[in-house]
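Peer 1: Would you be able to build a 3D model of this:
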Amino acid sequence: METSLSSGIWAGFVATVYLSLIMIAKAKLGMTPAPERLRATPEAVATLTGARLPSRAGWIGFFVVGSVFWGVAYAVLQPFLPGEPWVKGLVFGALLWLAAMIVFMPLAGQGLFGKTRGVSPAVASLILQLAYGGVLGLAFAY
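Peer 2: Below is the predicted model of the structure:
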């Protein structure tokens, strides 16, 4: 199991780097003002504890969550997910998106399914989570 968990962390890191590059490219192309997800971690901490974190904490939190938490969760769950490695990753990404929309978005003050921001960010988030999941599944299998 230890090898599986370390493979999950490695795959999570690869997928997080990939997702980060997409987010940075979107920001450089003017599609988003800044990598939006990076504000979510400090906002959630502020909501839960009242503590204010520096903006760079968003990147740190993003990589810890994407690499360690989701990487380990994928390593544990992937034997139970259907399909080929990339399909397992897509299913996992969709589950992450659903959890984010129901739990994390409200904690970040953006409402259930990010309703305070409209439909577009939720759809964009789904696309990004699917990209992350697909790469996670392929990297884990590799």
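
Peer 1: Now do the strands for the chain: every range, in order, please.
Peer 2: Read by DSSP state E, the chain holds no strands at all.

Peer 1: That one: helices as residue ranges?
Peer 2: For the chain, the helices defined by DSSP state H cover 2-28, 37-49, 56-63, 70-77, 85-99, 105-107, 119-141.

Peer 1: worst average pLDDT in these?
Peer 2: Among the helices of the chain, helix 37-49 carries the lowest mean pLDDT, at a mean of 67.

Peer 1: that older thread, right, and the helices of the chain - which one's nearest residue 113?
Peer 2: Closest of the helices of the chain to residue 113 is helix 119-141, at 5.4 Å (criterion: CB to CB). To be clear about C-beta, it is placed using only N, CA and C from the backbone, and glycine gets the same treatment.

Peer 1: Okay, angle between that closest one and helix 2-28 too, please.
Peer 2: Angle of helix 119-141 versus helix 2-28, following axes from the mean of the first three to the mean of the last three CA atoms, to 10 degrees, is 140 degrees.

Peer 1: Relative to the whole chain's centre, how far out is helix 119-141?
Peer 2: 8 Å (CA atoms, centre = their mean, to the nearest Å).

Peer 1: Also stretch 51-63?
Peer 2: Centroid separation for stretch 51-63 versus its chain: 14 Å, with CA atoms, centre = their mean.

Peer 1: Tell me the buried residues in it?
Peer 2: Buried residues in stretch 51-63, counted by 16 or more other CB atoms under 10 Å: 53, 58, 61-62.

Peer 1: and what of stretch 116-132?
Peer 2: For stretch 116-132, the buried set under the neighbour-count rule, 16+ other CB under 10 Å, comprises 121-122, 125-126, 128-132.

Peer 1: try stretch 107-115
Peer 2: 107-108, 110, 113-114.

Peer 1: Tell me which two in these are the farthest apart.
Peer 2: That would be 107 and 113, which, of the buried residues of stretch 107-115, are the farthest apart (CB to CB) at 13.1 Å.
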